[in-house]
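[1] sequence first, then the predicted structure, then my questions.
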Amino acid sequence: MEAAGLYGLAAQYGAEALAVCAVSDHLRTHEQWSPEQRQHGVDAMVRLVLDALLPLT
């Protein structure tokens with residue numbers, strides 16, 4: 001839902017937008033990350049995305 005709003009605003013104002021989503025829980029198997037795994041995973045994901053985007057600016 002948040003990504004749809006982000007893309008809608010970008011389209012309205014003629015801007016570019018990017019959404020990066022992380023999945024931490026599995027609905028069928030009920031596996032889930034611990035809070036520590038979730039924090040580390042999100043931190044790693046943000047660093048990866050920023051490292052990929054910074055050369056484009």
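    It's in.

[2] where's the residue nearest the centre of the chain relative to Gln37, distance?
    With distances taken as CA atoms, centre = their mean, Val20 lies nearest the centre of the chain, 2.6 Å away. According to CB to CB, to the nearest Å, Val20 stands 18 Å off from Gln37. Glycine gets a C-beta too; all of them are placed from N, C-alpha and C.

[3] again with Met45
    Relative to Gln37, and taking CB to CB, Met45 is found at 12 Å.

[4] count of residues packed around Glu36?
    Glu36 is flanked by 8 other residues according to other CB atoms under 10 Å.

[5] same deal with His30?
    Neighbour count of His30, defined by other CB under 10 Å: 7.

[6] ok, now the one 4 residues further on?
    Applying the criterion other CB under 10 Å, we find 9 residues in the vicinity of Ser34.

[7] which SS class is the most far-flung residue of the chain relative to its centre?
    Using CA atoms, centre = their mean, the residue of the chain lying farthest from its centre is Thr29. It sits 22.5 Å away. Counting by DSSP: H, G, I helix; E, B strand; the rest coil, the backbone at Thr29 sits in coil.

[8] so how far is Arg38 from it?
    Distance of Thr29 to Arg38, given as CB to CB: 17 Å.

[9] check Leu9 too.
    From Leu9 across to Arg38, the span is 27 Å (CB to CB).

[10] Gly5 now?
    Distance from Gly5 to Arg38, counting by CB to CB: 23 Å.

[11] looking at these two, which is more packed in?
    Ranked by neighbour count (other CB under 10 Å), Gly5 and Arg38 place Arg38 first, with 14 against 11.

[12] need the contact list for the more buried one.
    Ser24 (CB atoms under 8 Å, 6 or more residues apart in numbering).

[13] can you report how many residues neighbour the closest residue to Glu16 other than its chain neighbours?
    Spatial nearest neighbour of Glu16, chain neighbours left out: Ala10 (6.2 Å); criterion: CB to CB, 6 or more residues apart in numbering. By other CB under 10 Å, the residues close to Ala10 number 13.
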